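[1] Predicted model, plus sequence, below.
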Amino acid sequence: MLFNRYRRGLFITSFLAAPVILYLIYVIAPYLQAFYIALTDWRGVTATPRFIGLENFQRLFGDSKFWQAVTHNGALLVLLPLITIVIALFFAFLLNVGGPSGVSGIRGSKFYRVVFFFPQVLAVAVVAVLFQQVFRPDGSGMLNGPLMALGADPIGFLSDRGVAFWSVLAVMVWQAVGFYVVLFSAGLASIPKDMFEAAQIDGAGRLSLFFRITLPLLWDTVQVAWVYLGILALDVFAIVWVMTLQQGGPDSATTVMAAEIYRSAFGHFRFGYASAMGVVMFFFTVGFAILSLRLSRRERIEY
Amino acid sequence: MPNTPHISRRELLRGAALVPVAGALAACATPAAPPAASSSAAPAATSAANPFGVADGKPLEVWIFDGGFGQDYAKNIHQPLFASKYPKVEIKHNSTKEITKVLQPRFAGGNPPEVIDNSGANFIDFGALSQDSQLQDLTALLDAPSWDDPNVKVRDTIDQSVIDIGTYDGKFSVLGYVNYIHGIWYSQKAFKDNGWEIPKTWDAFLALCETIKKSGKMAPFTYAGKFPQYLYEPLLTMAAKVGGNEVLVNIDNLEDGAWTTEAMKTAATAWAEVGAKYLMQGTTGLDHVQTQTAQNKYKVAMLPSGSWLENEQKTTTPEDFAYGMFPIPDVTGSDKMPYGTLHTQPGENFIVSARSPHPQAGMEYLRAMLSKKAAGDFSALVRTMTVVKGATEGRDISPGVTSASAAVAAAGENTVYYRWFNWYGPLKDEAIAATGELMSGGLTPDKYLERIQKKADEIKNDSSIKKYKR
Amino acid sequence: MTTMISWTVANSRKLARSERKRRLGPLGILTHLALLIWTLLVMIPILWTFLASVKSEDEIFSDAWSLPAALRWDNFARAWDQVHIGQYMLNSIVVVAFSTFGTMLVGSMAAYVLARYPFKGNRAIYFLFVSGLAFPVYLALTPLFFVVQNMGNLPLIGPFIGLNTHAGLVLVYIAYSMPFTVFFLSAFFRTLPTAVGEAAMVDGASHTRVFFQIMLPMARPGIISITIFNILGQWNQYQLPLILLQDREKWVLTMGIADISTAAGYDQDWSAMFAALTLAILPMLIVYTVFQRQIQSGLTSGALK
């Protein structure tokens, strides 16, 4: 018995040693360092940061630009999952149970699923560069070209304050939808077909099929999607940094937390201050994670 | 998820217990201690020919910002010249478009390269470098004999403004190599073909805009809308012309109300009118390349830029386009500075790292760059004037450079510059954002200036930001 | 797509079909229309990029939808020369192959132990890993540079895992993929039945053998999907290699693309930029299309519940 326990301990240790050591060295150590840097006025090019306590956090409190960024992350946190999930559910439903019989997939559903997924395999940086061109504000832009040919005024997709944020959101949705169509399709496939049939015999139309059967049974998957997309919304950086004017503009209309961190660190060389922002961002993300875990447990539906 | 993880207090405490373990490892993450600069940087014997004491056999690492000028000038002009004198010093040439990302960690790590062309959109903040004494004091370079003539000091071969602008904390430490001349750029051909005259007064400028607009041939004016710093440049120059050089000095020194003076209001109002009436469609969303290319295609008549423009556009400019440049016109009739006042500013900033292993070679490299041959070849290659006096004498130069040089000659002593954007990054970002809004009508001139003033005050009161004076 | 299901229904098939058609029929066209619209939304920007990649500079800056007068394949030649796309792609493939393999090996070991072996400190280690999901990477960039630099000073192995080495980057990728991998794989291991493993243990199999020969194969769907996630994530990584790899010959693909799009602002070679974009996009689309069945089924085979 003792030997078995020893063997078990040895096994646990040997299996955990490599991942834990790697993780401590490359992830935890730099982050601890970053937490410490948040308490200094380090400007990034010296070897000796000066300890200044919580001064950075006090300053952060009055930094309207950072809170503007937080607001944008907050808006994305609500809108990105909502819109993406609604569109993806809609298409997944059409692809899987939208066929003429009402229970099977429609013609060409495989093709659609492949194409919808395309944006997901492109690097975010590539997508950002690509849409920068798509959104060009003159006749050479993919969208404004036809608009102007029709005699309309060009739309400042990225240069108009009121529009720019929605352009960012649209690109994020564009890239995300395909993945969730596939995810939800798999969820739908695992729902027993006879449930749909039974409902249809009861005289259910498509809409009620969707709300009475599809949605409740997919609820678990939807929640996973919500968490993924939530993290994506809090973490967004490359799209904003590469695509938008003035990296988060115009006039901060699209800026997000990650962009402000990056700007403070590598633009203004205020690494201490940037780290303080990062610490705040860390707590937002942890808060979101805990919140969503709590909620998901409460609303679970069994089948 | 029946096994959904949940965090209990006990587990959190256990997690905390792990922290010290990681803390020990975190020592790995601490920046290296600064190397003993004195021992590694001890110079070899100096002489008139080798004034800084370059050591044979000790390499020299050079990083060039690979932007509008490329990197060939360094490889084919500067480095061969240096090597001809120091064949035993190995030159390690590097280039990047992202100076900050590549070199910032090396500064923090205590092993920066000797020479850096700290330029481009992502240069390393000079204030931060100076604050942390990473910049080699280049005063010795100024007092050294020039490369061409042992009887002339380097100090006397370059413009005084280079020394003023390159001085941080009382020490000359940044060498702007290229002399940037700012103005309004146009096509001499387009103006001649259409019978348009260079406007000498602001009213004439607005009338010209109106004429161009009515002609329907092209839009009157544009600027790199994505980068509104292209527009606050003529705005500030105009304010200096109207209210005198102290307008800019006060702005640099973060004086109270420096941004909201009458001169600034006049300039902001003038440019807001251009923004409202005469901009090329879509301007606010276009970058410098796109607007400049539009000008090359005769879609727009004028844009504000600097003397790098001609080289930047060399691949898209039609053969007979003939770039020309004119200064900010007279605005009020009682402007403090005369017609022809120019904003000139040394750019393409070279630094030598104080904590690099071989700063002597770095300084010597800069001395070679400031020779007439190096500067002249550079101008010929990249069609831009350097700060070296008379380096383009007797050489064939392009129409744009000719036009800009003539403007400089006409301006004489009436040149202005500003430095706040290099000193205070957050203020620069605010001015950029606000200028974009001013031009698209989102801010009135008054609100525009108030907004930037507010940021300037904020920075003034922020004890963590180092302040500079000029 | 016929009425396979209606044989379970007592009603006559015909009646059922026409009944259903009455309820669902007109929607059929709308369904296709909606799907078609999204297909166009996805494909048009990509195709437009491909189109621009064979245009001349002039054509790119004039009318957005004009067809090129001649196909400019030389754009690709320039993109290939300037960006060394081939070299970078090879680097990316090598790095991602090793790092994904390493991530999955080490990550599944950790996830398995954490999911199935209760011991003192188990939860603490688990949360240490999972909390990594919440770290913004930019925060760690500069300290990480020093860590890797210092690793380079280790005796013997130092030169292989320091700055400017692919092996060093692989280790960093593995470490930064741990939170995600451990989180999802341990959730997956928890759902697997315990009986088989216990039976094997009774027969005298070691813990290690149970893991490699029984649990790992059982977890295959989950392993596949997390592998795909890691490949995509590591392939797209930009920030980490940017600070850790300075030599151009060592660069990975994303750095090359970012470089040429920055360069386009200076050299004004927009047609080459579009060509480079195409070179970055096309292989991914082809690989994906070829393996789409495995990828899609892998992605969705239950690990995400």
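    That came through, no problem. Only a predicted model underlies this, so the values are computations on that prediction, with no experimental measurement involved. Residues are numbered from 1 along each chain as shown, chains lettered A, B, ... in the order given.
[2] Let's see the pLDDT reported for whatever residue of the stretch 1-150 of chain C ends up closest to chain A.
    Closest residue of the stretch 1-150 of chain C to chain A, CB to the nearest CB: residue C:64 (2.9 Å). Heads up, the C-betas are built off the backbone N, CA and C, glycines and all. pLDDT recorded at residue C:64 is 76.
[3] Please apply the same query to residue A:38.
    The model's pLDDT for residue A:38 equals 91.
[4] what's the answer for residue C:158, then?
    81.
[5] ok, it - how many residues close by?
    When counting by other CB atoms under 10 Å in any protein chain shown, one arrives at 14 neighbours for residue C:158.
[6] ok, now residue B:318?
    Neighbour tally, residue B:318, other CB under 10 Å: 11.
[7] same thing with residue B:389?
    14.
[8] what number of residues lie near residue A:234?
    Residue A:234: 24 neighbours (other CB under 10 Å).
[9] Provide a list of residue ranges in the chain with pLDDT below threshold.
    No chain specified, so I'll use chain A. A:1, A:47, A:98-105, A:296-303 (pLDDT under 70).
[10] I was after chain C.
    In chain C (pLDDT under 70), the answer is C:1-28, C:82-83, C:262-268, C:298-305.
[11] Do you have the strands of chain B handy? List them.
    B:60-65, B:91-96, B:115-117, B:167-168, B:171-172, B:175-187, B:219-221, B:300-305, B:323-326, B:342-352, B:415-416 (DSSP state E).
[12] whoops, the stretch 151-300 of chain C was the one
    Assigned by DSSP state E, counting those that start in this stretch, the strands in the stretch 151-300 of chain C number zero.
[13] who in it is up against chain A?
    With CB under 8 Å from any CB of the partner chain as the criterion, the stretch 151-300 of chain C meets chain A at residues C:151, C:171-172, C:174-176, C:178-179, C:182, C:206-208, C:211, C:232, C:235-236, C:238, C:253-254, C:257-258, C:261, C:273-274, C:277, C:280-281, C:284-285, C:287-289, C:292, C:296-297, C:299-300.
[14] List only those of these flagged as buried.
    C:151, C:171-172, C:174-176, C:178-179, C:182, C:207, C:211, C:232, C:235-236, C:238, C:253-254, C:257-258, C:261, C:273-274, C:277, C:280-281, C:284-285, C:288, C:292, C:296, C:299-300 (16 or more other CB atoms under 10 Å in any protein chain shown).
[15] Verify the stated contact: residue B:239 with residue B:247.
    Yes. If you go by CB atoms under 8 Å, residue B:239 and residue B:247 touch, sitting 5.0 Å apart.
[16] shared neighbours, those two?
    Common neighbours of residue B:239 and residue B:247 are listed as B:261, B:263, B:264 (criterion: CB atoms under 8 Å, 6 or more residues apart in numbering or on different chains).
[17] OK, contacts around the first one?
    This means residue B:261. B:239, B:243, B:247, B:250.
[18] what would the shared contacts of residue B:239 and residue B:247 look like in a markdown table with pLDDT and distance to residue A:112?
    Listed next are the shared contacts of residue B:239 and residue B:247 as a markdown table, based on pLDDT from 0 to 100; distance: CB to CB, whole Å:
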| residue | pLDDT | distance to residue A:112 |
| --- | --- | --- |
| B:261 | 95 | 62 |
| B:263 | 95 | 62 |
| B:264 | 96 | 58 |
